[in-house]
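Chemist: Below is the structure, and that's it, no one-letter string:
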């Protein structure tokens with residue numbers, strides 16, 4: 001059954017004049033990074049009697065950034081310890097083969113870039129960059145890392161303002177220009193591939209709808225069901241099996 005479905009996917013891929021990918025937390029679980037919404041995911045645990053949604057909300061950060069940084073010290077500031085998974089590598093190879101026009105991700109872990117992907121668009125931001133909430137001065141991840149790991153809230157060396165990672169917190173809007181770019185890309189795509197995402201979080205989840213509403217094809221690779229399963233031309237459950245097959249296909253191509 002897998003071979004039959006994979007051959008159908010390859011047929012879609014080879015016919016497609018424009019292919020885009022949307023990835024979620026599931027692609028990074030193979031790197032050892034927990035996802036958000038599974039029974040043992042990040043959202044399943046509380047910290048100081050607060051939910052993770054509260055901790056990564058803009059109002060709480062503005063009120064008490066120390067709570068966020070004390071939590072993030074062992075959650076978001078250990079990302080350099082993880083390596084790209086087979087899923088990240090397969091997508092980088094797909095781009096290298098000239099079969100991928102853009103990779104849009106909900107992840108903040110920088111692993112797509114580290115795997116070699118170049119056309120990466122981080123819809124929920126990235127831990128790679130930080131900024132001062134007062135004067136907007138920019139700081140790279142490496143410059144902030146040591147301060148956070150020491151248990152301190154990073155402060156701007158220019159004005160003393162609190163520094164925040166360039167990650168979209170609850171209560172913040174996504175980058176409108178980037179979101180517009182994503183909608184344009186998905187609306188023009190012949191093929192959209194959604195990997196490791198529940199396709200629940202809006203507005204990003206609706207990107208795949210723009211593809212199918214314009215007559216494009218949708219392929220979903222995800223362990224759990226999604227609201228768009230019935231719209232998928234082909235659906236796979238196993239990200240690892242799919243990625244191994246994709247790498248083998250690209251190597252033999």
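Modeler: Arrived safely, thanks for sending. Please read these numbers as outputs of a predicted model, since none were measured by experiment.

Chemist: tell me the contacts of the closest residue to residue 85 other than its chain neighbours?
Modeler: Spatial nearest neighbour of residue 85, chain neighbours left out: residue 30 (3.5 Å); criterion: CB to CB, 6 or more residues apart in numbering. All C-beta spots, glycine's among them, are computed from the backbone N, C-alpha and C. Residues in contact with residue 30 (CB atoms under 8 Å, 6 or more residues apart in numbering) are 85-87, 239-240.

Chemist: List buried residues within the residues you listed.
Modeler: Taking 16 or more other CB atoms under 10 Å as the criterion, what is buried in the contacts of residue 30 is 85-87, 239.

Chemist: Could you verify my assumption that residue 72 touches residue 148?
Modeler: Yes. If you go by CB atoms under 8 Å, residue 72 and residue 148 touch, sitting 6.8 Å apart.

Chemist: Residue 115 versus residue 138, what's the distance?
Modeler: Using CB to CB, to the nearest Å, we find residue 138 at a distance of 24 Å from residue 115.

Chemist: Among the two, which residue is more densely surrounded?
Modeler: With neighbours defined as other CB atoms under 10 Å, residue 138 and residue 115 compare such that residue 115 has more, 22 against 11.

Chemist: Wait, the more buried one touches residue 95, no?
Modeler: No. Contact criterion CB under 8 Å: residue 115 and residue 95 do not qualify, at 9.8 Å.

Chemist: which non-adjacent residue is nearest residue 163?
Modeler: Using CB to CB, 6+ apart, the nearest residue to residue 163 is residue 154, at 4.1 Å.

Chemist: The one you found - how many residues pack around it?
Modeler: Count around residue 154 with other CB under 10 Å applied: 22.

Chemist: What of residue 78?
Modeler: 13.

Chemist: buried set for stretch 50-61?
Modeler: Quick answer for stretch 50-61 (16+ other CB under 10 Å): 52, 54-57, 60-61.

Chemist: which ones among these are found in helices?
Modeler: 52, 54-55, 60-61 (DSSP state H).

Chemist: wait, what's in contact with residue 220?
Modeler: Neighbouring residues of residue 220 by CB under 8 Å, 6+ apart: 193-194, 199, 226, 228-229, 232, 234-236.

Chemist: So for the ones in helices among the buried residues of stretch 50-61, which is the shakiest by pLDDT?
Modeler: Within these, pLDDT reaches its minimum at residue 52, with 85.

Chemist: And the pLDDT for residue 35?
Modeler: For residue 35, the predicted pLDDT is 59.

Chemist: Which residue ranges of the stretch 151-253 of the chain form strands?
Modeler: 163-167, 191-195, 217-221, 234-236 (DSSP state E, counting those that start in this stretch).

Chemist: hey, which of those strands is tucked in deepest?
Modeler: With neighbours defined as mean count of other CB atoms under 10 Å, the strands of the stretch 151-253 of the chain peak in mean count at strand 191-195, which reaches a mean of 26.

Chemist: And for that strand, what's in contact with it?
Modeler: The contact list for strand 191-195 (CB under 8 Å, 6+ apart) reads 12-13, 16, 18-24, 26-27, 87, 91, 186, 207-208, 211-212, 216-222, 226, 228, 239, 242.

Chemist: For the residue nearest to residue 85, give me the pLDDT.
Modeler: Value for residue 30, per-residue pLDDT: 88.

Chemist: now do the same end-to-end measure for stretch 169-181.
Modeler: 21 Å (CA to CA, to the nearest Å).

Chemist: Tell me which residues of it come out buried.
Modeler: 169, 175, 179.

Chemist: Around residue 119, how many other residues sit close by?
Modeler: 15.

Chemist: Apologies, that question was intended for residue 226.
Modeler: 19.

Chemist: confidence score at the nearest residue to it once chain neighbours are set aside?
Modeler: In this structure, residue 226 finds its nearest non-sequential neighbour in residue 199, 4.1 Å apart by CB to CB, 6+ apart. Per-residue confidence (pLDDT) for residue 199: 95.
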